[in-house]
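# Fold the following.
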Amino acid sequence: MDDSTTPQRDVSFYSNSSTSDYWLFHQSFAITYFGIGIPAIACIGFVANVFTFSAHLHPDFRSLSTLFLNANLVTDSVLLLSCCSIIAPKFWLHQFYQNLNYSHFWAALRAAQTTHIVGYPIFLITKCLSQLFTMAIIIEQWLVYARAGISRGD
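Below you'll find the model as predicted:
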């Protein structure tokens, strides 16, 4: 095959397309902090959720509130993991973007899109479930404490 007729594939256009892109991808450490910091915080939150969930397994914690709290812990843990699965591919793309390797960049872009297609709906669903469980805890506590005083005539 004659290589002279095949166009050279180059992504250098994308690295110099604007000054904001240049600053973001070449001059700033923000993307590195974003790619490392958020998954690290999410892992700490996941470990804390596991410890809290194990503490709620004690026999003294058998109530509807504990059930809602445990459900909220599980959905928050899945939310944290899905958040990491959405953020990590952006960090990979940034690393390949800096290297300007055509094949690696587009392979990483394909992997990031696949991860985003799977992770983003899970992220949205668990975010909604977490809000619903938090609202259920508030309503349940209101029914237990505020309505109890009203029904007794206090």
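# What lies in contact with stretch 62-75?
Here stretch 62-75 makes contact (C-beta atoms under 8 Å, 6 or more residues apart in numbering) with 49, 52-53, 56, 126, 129-130, 133-134, 136-137, 140-141, 144. The way it works is simple: take the backbone N, C-alpha and C, and place the C-beta from them, glycine included.
# Quick one: mean pLDDT for it?
Averaged across stretch 62-75, the pLDDT comes to 86.
# That one: which residues count as buried?
Across stretch 62-75, burial judged by 16 or more other C-beta atoms under 10 Å covers 67, 68, 69, 70, 71, 72, 73, 74, 75.
# Just the ones in helices from these, please.
Counting by DSSP state H, the part of the buried residues of stretch 62-75 found in helices is 67, 68, 69, 70, 71, 72, 73, 74, 75.
# related to what we said a few turns ago, greatest separation within the contacts of stretch 62-75: which pair is it?
Distance extremes for the contacts of stretch 62-75: the farthest pair is 126 and 144 at 26.3 Å, using C-beta to C-beta.
# rewinding a little: quick check, nearest of the buried residues of stretch 62-75 to residue 34?
Of all the buried residues of stretch 62-75, residue 34 sits closest to residue 75, with 23.9 Å by C-beta to C-beta.
# quick one: least confident helix or strand in this structure?
One helix or strand of the chain scores below all others by mean pLDDT, DSSP states H and E: helix 12-15, with a mean of 52.
# What average pLDDT does the strand or helix carrying residue 116 get?
Assigned by DSSP states H and E, residue 116 belongs to helix 102-141. Mean pLDDT, computed over helix 102-141, is 85.
# hmm, back to that, from the ones in helices among the buried residues of stretch 62-75, which is closest to residue 121?
Nearest to residue 121 among those: residue 75, at 14.0 Å, using C-beta to C-beta.
# ok, back up a step: which of residue 126 and residue 144 has more neighbours?
Using other C-beta atoms under 10 Å as the criterion, residue 126 and residue 144 rank with residue 126 on top: 20 against 12.
# Grab the nearest non-local neighbour of that one.
residue 79 (4.1 Å; C-beta to C-beta, 6 or more residues apart in numbering).
# Equivalent analysis for residue 36, please.
residue 91 (7.4 Å).
# Would you mind getting the angle between the helix or strand encompassing that neighbour and helix 102-141?
Using DSSP H and E, residue 91 falls within helix 64-99. If you take axes from the mean of the first three to the mean of the last three C-alpha atoms, to 10 degrees, helix 64-99 sits at 160 degrees to helix 102-141.
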